[in-house]
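Q: Quick one: sequence plus predicted model below, questions after.
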Amino acid sequence: MDRLIYTSLSAMRGAMARQQATANNLANASTPGFRGEIAEAQALWLDGPSLTDRAMASEEVVNADMKAGSITATGRDLDIALGGDSLLAVQADDGDEAYTRRGDLQLSSSGLLTTGDGRPVLGQGGPITLPPADKISIAEDGRILVVPAGGDPSQSQEVDRLKIASPAGSAIAKGLDGLFRVKGGGVLPVDPDAHVTSGQLEESNVSATKALVDMIDASRAWDTQLKLITSARDLDGASAELMRLPQ
Amino acid sequence: MSNQALQVARSGLDAQNRRMQVIANNLANVNTTGFKRDRASFESLAYQQIIAAGTSSSAENKYATGLNLGTGVQMTGTERMNTQGSISTTGNALDLAIEGSGFFQVQMPDGRTAYTRAGNFSLSPEGTVVTGDGMPLQPQIQVPQGATSISVGADGTVSAIVAGETAPTELGKVETARFVNDAGLQPIGDNLLLETAASGTPQTGAAGLEGRGSIRSGALESSNVNVVEELVDMIETQRAYEVNSKMIQAADEMMKNANQQL
């Protein structure tokens, strides 16, 4: 039987992987600061003694789409939206510094500042812990200002400064926990032009229309490969018919 | 080849469905005194690694990027938005509103202390200041029979003119409680919240001090639900639900075609 069916099968696997990536993008359309994934196919030529005539398709999630998501005003003091392409430094589960665009910050009972999915936010020297405060505000440059409990509301004090990193010039990739890390390890430099707006939240950057088109595209690619497999089956059947000995 | 896209889209449907419940509860409580709106919070589920970046693709080459497929979304929690609700004047002396942070403390029938922002208090037949459900305010304030002109000061001092006297008598003080993380309080219905490990311990004391808000007598704090905002969220949720159901349809079509044609 023609090896074509295996080539098609590889493309179908790719289409399915692309469909899952698109489904994940659509499912995360309401996750704050989520960055959609881009799936892309590449040809894998199989070298061998025979004629190189088959390219297996390899579908991969190559990168995250880093364009900014839309920003919604929430009025909550601890919601921040990052300007430009800067990233907020957080501590990943393995203790490493990782990056996110998620800006719905929370305060735990011990005063630890975390993102909405529970990652401790990093400041000048590690995770940020805030003292009991009457008011917490985040300045445009990422400085965290608090009015201590019982303090003068007009005299806010700087406690720490969010580490806002610039990914310019560094290759970053999304890890299995959905956080960004520098490829090959290392940390990103602090962004000198960091710009933060508090009281606003960046939404997911998934474009539903684009994702729906991707979805139809993957479905059709799947169907086309299916057609090829059925054609190969028909051809195979025809040649078997031809070879049949007359009764 | 099991179709993961179906499961991923299903997680999206689940999450949006729950978000709709949160919005419905916000809208249902638009007129509840002292109610704070909840916001649904989402996070992406773990990624499955099919190909690790940097592993060999052939003898000489390495994969520049990995193949990491996301497995969907989940709702991680509801976050109470503790912004101030608008204050409306009622003229009733025992209607109290807190301007700023803090909660009233009330004693539940089982003896535990619950916290509330709803300040629509009244007097029990015995003269105790109680909530609409009859739970006494903590510390308890007793108003003697026949007392007239009850008033509550900004610091919570309750005074009244007792029968037979002309000068007002101080009857007690309304204390409020603050929490480091008041979003961590657990709502139990009836406008009440309970202390949890996430909220921290209450810091109680007179209103208007140490960051506790001051008390406004003769006024009630309305819910902080903004109907327009909820309606916009509702439409957004509905659309997100729709695209996820489209995804289920598309993934199903793929499998259907494979089943029919192969």
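A: Structure's in. What do you need?
Q: mind listing what's buried in stretch A:133-140?
A: Of all the residues in stretch A:133-140, those buried under the rule 16 or more other Cβ atoms under 10 Å in any protein chain shown are A:133-136, A:138. All C-beta spots, glycine's among them, are computed from the backbone N, C-alpha and C.
Q: The helix or strand harbouring residue A:9 - what's its average pLDDT?
A: Assigned by DSSP states H and E, residue A:9 belongs to helix A:4-27. Helix A:4-27 carries an average pLDDT of 88.
Q: moving C-terminal of the helix or strand bottoming out on mean pLDDT in chain A, what's the next helix or strand?
A: Among the helices and strands of chain A, strand A:55-64 carries the lowest confidence by mean pLDDT, DSSP states H and E, at a mean of 64. Once the chain leaves strand A:55-64, the next helix or strand it forms, by DSSP H and E, is strand A:71-73.
Q: Neighbouring strands of the helix or strand that that following strand is followed by in the sheet, and parallel or not?
A: Using DSSP H and E, the helix or strand that follows strand A:71-73 in sequence is strand A:80-82. Next to strand A:80-82 in the sheet, as set by DSSP bridges, lie strand A:196-198 (antiparallel).
Q: Now residue B:214: phi and psi?
A: Here is the backbone geometry of residue B:214 (degrees, to the nearest 10): phi -90, psi 160.
Q: doesn't residue B:157 make contact with it?
A: No: with contact defined as Cβ atoms under 8 Å, residue B:214 does not count as touching residue B:157 (11.5 Å).
Q: Does the helix holding residue A:9 reach chain B?
A: Yes: with Cβ under 8 Å from any Cβ of the partner chain as the measure, helix A:4-27 is seen reaching chain B through A:12-13, A:15-17, A:19-27.
Q: got a list of what the most centrally placed residue in chain A touches?
A: Among the residues of chain A, the one closest to the centroid is residue A:35, at 3.9 Å (Cα atoms, centre = their mean). Taking Cβ atoms under 8 Å, 6 or more residues apart in numbering or on different chains, we find residue A:35 in contact with A:64-66, A:101, A:174, A:180, A:204-205.
Q: List just the nearest of those to residue B:43.
A: The closest of the contacts of residue A:35 to residue B:43 turns out to be residue A:204 (Cβ to Cβ; 11.3 Å).
Q: so what's that closest one closest to, chain neighbours aside?
A: Using Cβ to Cβ, 6 or more residues apart in numbering or on different chains and skipping the chain neighbours, the partner closest in space to residue A:204 is residue A:34 (3.8 Å).
Q: Below-threshold pLDDT in the chain: ranges please.
A: Answering for chain A, as no chain was given. Within chain A, the ranges that satisfy pLDDT under 70 run A:1-2, A:40-62.
Q: meant chain B actually
A: Residues of chain B that meet the criterion pLDDT under 70 lie in B:1-2, B:53, B:57, B:63-66.
Q: try it again with 80
A: In the predicted model, chain B carries pLDDT under 80 at residues B:1-3, B:49-67, B:210-211, B:262.
Q: How about the longest helix anywhere in chain B and chain A, touching?
A: Using DSSP state H to define each element, chain B has its longest helix at helix B:227-261. Yes: against chain A, helix B:227-261 shows contacts by Cβ under 8 Å from any Cβ at B:236-237, B:239-240, B:243-244, B:246-247, B:250-251, B:253-254, B:257-258, B:261.
Q: Tell me the buried residues in that helix?
A: For helix B:227-261, burial by neighbour count (16+ other Cβ under 10 Å) applies to B:229-230, B:233-234, B:236-237, B:240-241, B:243-248, B:250-251, B:254-255, B:258.
Q: same question, stretch A:218-233
A: Here stretch A:218-233 shows A:218-219, A:221-223, A:225-226, A:228-229, A:232-233 as buried, counting by 16+ other Cβ under 10 Å.
Q: Residue B:247: what's it in contact with?
A: Residues in contact with residue B:247 (Cβ under 8 Å, 6+ apart) are A:22-23, A:26, A:215, B:5, B:8-9, B:12.
Q: and with 7 Å instead?
A: Neighbour list for residue B:247: A:23, A:26, A:215, B:5, B:9 [criterion: Cβ atoms under 7 Å, 6 or more residues apart in numbering or on different chains].
Q: Quick check: the two most widely separated of the buried residues of stretch A:133-140?
A: Pairwise distances across the buried residues of stretch A:133-140 (Cβ to Cβ) peak at 15.3 Å, for the pair A:134 and A:138.
Q: Give me every residue in the stretch 101-250 of chain B lying close to chain A.
A: Applying Cβ under 7 Å from any Cβ of the partner chain, we find that the stretch 101-250 of chain B lies next to chain A at B:180-181, B:183-184, B:197-200, B:209-211, B:239-240, B:243-244, B:246-247, B:250.
Q: how far does stretch A:149-164 stretch from start to finish?
A: End-to-end distance for stretch A:149-164: 27 Å, by Cα to Cα, to the nearest Å.
Q: Residues in contact with that stretch: which ones?
A: Stretch A:149-164 has contacts (Cβ under 7 Å, 6+ apart) with A:82, A:86, A:88-89, A:121-124, A:128, A:130-135, A:137, A:142-148, A:190-191, A:194, A:196, B:209-211.
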